[in-house]
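Visitor: Below are the sequence and a predicted model; questions follow.
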Amino acid sequence: MKIAGNQFVEELCCKLDIQGYSTYKIADQLRDATGEKYDHSEVWRFLNSKANQPKVQALRQKYYSDPQAVALANKRARLEDLNRERVRILRTIEHMCGKDSLIPLKKVSKYLGLTKRLVDIEIAGRDEIEKRPDFIGLFQRIGPYSEVSDAELIREARVIEQKLIAIRSGGSLAEKNPYREGTEGAPEEESA
């Protein structure tokens, strides 16, 4: 079937291409979506021909500007992909070990590689579900500025700006006052 001219097929083809599918996988997905047979060479020609480039670039841009339209942006899609690969690895290991569940001596290195990949996939899935803490928020809660008021932060920013201006102009503010105003260790101003 011809891809160019069929808007649904064109969009699906570009969307799958952005997601990183091979031309073979795109052809399979097009066949599943439309019920018509597509060849991987047709997909490649559509995506790479000079005549189709304006259309292909416009469709790609549509998905670049809206990342939520790409399945990979969806957490569930990522988890389903990880689970699919996890199941494939488990089936491969079961097939390789046979009914007696022993690892054949000739396939020990392959088995170890598969189990390492299985652990990596399970770690990625766990990280996807148990979101890692927001490090900026964590830094704000326990970092050096966690108990500092906004006024003190503004004062600190002014001191830093003054130091930058002095350094850029060739002078030094540190010689005048080595302590930051309002911080520990700063000498108290004596009132007369």
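Guide: Alright, I've got the coordinates. Residues are numbered from 1 along each chain as shown.

Visitor: all contacts plus neighbour counts: C-alpha atoms, from now on.
Guide: Noted.

Visitor: how does this structure divide up, domain by domain?
Guide: 7-71, 74-129, 136-182 (automatic domain parsing).

Visitor: will you turn those into JSON lines that also has mean pLDDT?
Guide: Below are those laid out as JSON lines (pLDDT from 0 to 100):
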{"stretch": "domain 7-71", "mean pLDDT": "82"}
{"stretch": "domain 74-129", "mean pLDDT": "85"}
{"stretch": "domain 136-182", "mean pLDDT": "71"}
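
Visitor: out of the ones you listed, deepest packed?
Guide: domain 7-71 (a mean of 16; mean count of other Cα atoms under 10 Å).

Visitor: ranges for the helices of the protein?
Guide: Remark: helices assigned in the chain by DSSP state H are 7-18, 23-34, 40-48, 53-65, 75-97, 108-129, 135-142, 150-169.

Visitor: Backbone dihedrals for residue 39, both of them.
Guide: Dihedral pair for residue 39: phi -100, psi 150, per degrees, to the nearest 10.

Visitor: Check the gap between residue 42 and residue 11 for me.
Guide: 15 Å (Cα to Cα, to the nearest Å).

Visitor: again with residue 76
Guide: Distance from residue 76 to residue 11, counting by Cα to Cα: 22 Å.

Visitor: C-alpha coordinates for stretch 38-56, PDB please?
Guide: C-alpha atoms of stretch 38-56 as PDB (Å, rounded to 0.1, in the frame of the first residue of the first chain):
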ATOM      1  CA  TYR A  38       3.000  -2.400   4.300                       C
ATOM      2  CA  ASP A  39       6.600  -3.200   3.500                       C
ATOM      3  CA  HIS A  40       9.600  -1.700   5.600                       C
ATOM      4  CA  SER A  41      11.100  -0.300   2.400                       C
ATOM      5  CA  GLU A  42       7.900   1.700   1.700                       C
ATOM      6  CA  VAL A  43       8.200   3.200   5.200                       C
ATOM      7  CA  TRP A  44      11.800   4.000   4.600                       C
ATOM      8  CA  ARG A  45      11.100   5.600   1.300                       C
ATOM      9  CA  PHE A  46       8.300   7.700   2.800                       C
ATOM     10  CA  LEU A  47      10.400   8.900   5.700                       C
ATOM     11  CA  ASN A  48      13.500   9.700   3.600                       C
ATOM     12  CA  SER A  49      12.300  10.800   0.100                       C
ATOM     13  CA  LYS A  50      13.000  14.500  -0.700                       C
ATOM     14  CA  ALA A  51       9.400  14.900  -2.000                       C
ATOM     15  CA  ASN A  52       7.900  14.000   1.400                       C
ATOM     16  CA  GLN A  53      10.400  15.800   3.600                       C
ATOM     17  CA  PRO A  54       8.200  19.000   4.200                       C
ATOM     18  CA  LYS A  55       5.300  16.800   5.200                       C
ATOM     19  CA  VAL A  56       7.400  14.500   7.400                       C
END
